[in-house]
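>>> Here you go, sequence then predicted model.
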Amino acid sequence: MSVVLQFDLEEEAKALPILLRHSPGTVLANRTYVVEDAVVGVLRDAGVVFREVAPTLNIPFTEDIRIGERI
C-alpha cells in the first residue's frame with residue numbers, strides 16, 4: 001500500500017538517501033512523497049521525523065457491498 005508523507009527541509013535531507021534506496025516512490029510538491037508502507041518503518045528506524053498526510057485506510061470487507069457500488 002502507498003502512504004503519503006511530508007517532510008520539513010532538514011528531515012527531507014535525512015530521508016532522501018533512504019527513499020532513493022528503498023522505494024520507487026513519487027515526489028510531489030512541498031517535500032511530499034508517496035512511498036510504499038514498508039519504507040515508513042525504515043524511516044522511523046532511522047529517526048527521520050515526518051507527517052503522514054494520507055494514512056493507510058483499512059476498510060472492512062462487507063459481503064453486502066458490490067465493487068463500485070456507492071456506500
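Cool, got the structure.
>>> For the longest helix belonging to the chain, buried residues please.
Ranked by residue count, the top helix of the chain under DSSP state H comes out as helix 9-22. Neighbour-count burial for helix 9-22 flags Glu11, Glu12, Ala15, Ile18, Leu19 (criterion: 16 or more other C-beta atoms under 10 Å). For every residue, glycine as well, the C-beta is placed using N, CA and C.
>>> Just the CA atoms of it, as PDB, please.
In PDB, the C-alpha atoms belonging to helix 9-22 read as follows (Å, rounded to 0.1, in the frame of the first residue of the first chain):
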ATOM      1  CA  LEU A   9      13.600  20.700   4.900                       C
ATOM      2  CA  GLU A  10      16.100  19.200   7.400                       C
ATOM      3  CA  GLU A  11      14.300  15.900   7.700                       C
ATOM      4  CA  GLU A  12      13.900  15.600   3.900                       C
ATOM      5  CA  ALA A  13      17.700  15.800   3.600                       C
ATOM      6  CA  LYS A  14      18.000  12.800   6.100                       C
ATOM      7  CA  ALA A  15      15.200  10.900   4.300                       C
ATOM      8  CA  LEU A  16      16.400  11.200   0.700                       C
ATOM      9  CA  PRO A  17      19.100   8.500   0.800                       C
ATOM     10  CA  ILE A  18      16.600   6.100   2.400                       C
ATOM     11  CA  LEU A  19      13.900   7.000  -0.100                       C
ATOM     12  CA  LEU A  20      16.200   6.600  -3.100                       C
ATOM     13  CA  ARG A  21      17.500   3.200  -1.800                       C
ATOM     14  CA  HIS A  22      14.200   1.600  -0.700                       C
END
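>>> Which helix or strand lies directly C-terminal to that helix?
Where DSSP states H and E defines the elements, the next helix or strand beyond helix 9-22 is strand 26-28.
>>> That next one pairs with which strands?
strand 32-36 (antiparallel) (DSSP bridges).
>>> then the strand it pairs with to CSV, C-alphas only?
Once non-C-alpha atoms are left out, strand 32-36 reads as follows in CSV (Å, rounded to 0.1, in the frame of the first residue of the first chain):
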residue,chain,number,x,y,z
THR,A,32,5.7,15.4,-0.2
TYR,A,33,6.4,11.8,-1.2
VAL,A,34,4.2,8.8,-2.0
VAL,A,35,6.0,5.7,-0.8
GLU,A,36,5.3,2.0,0.0
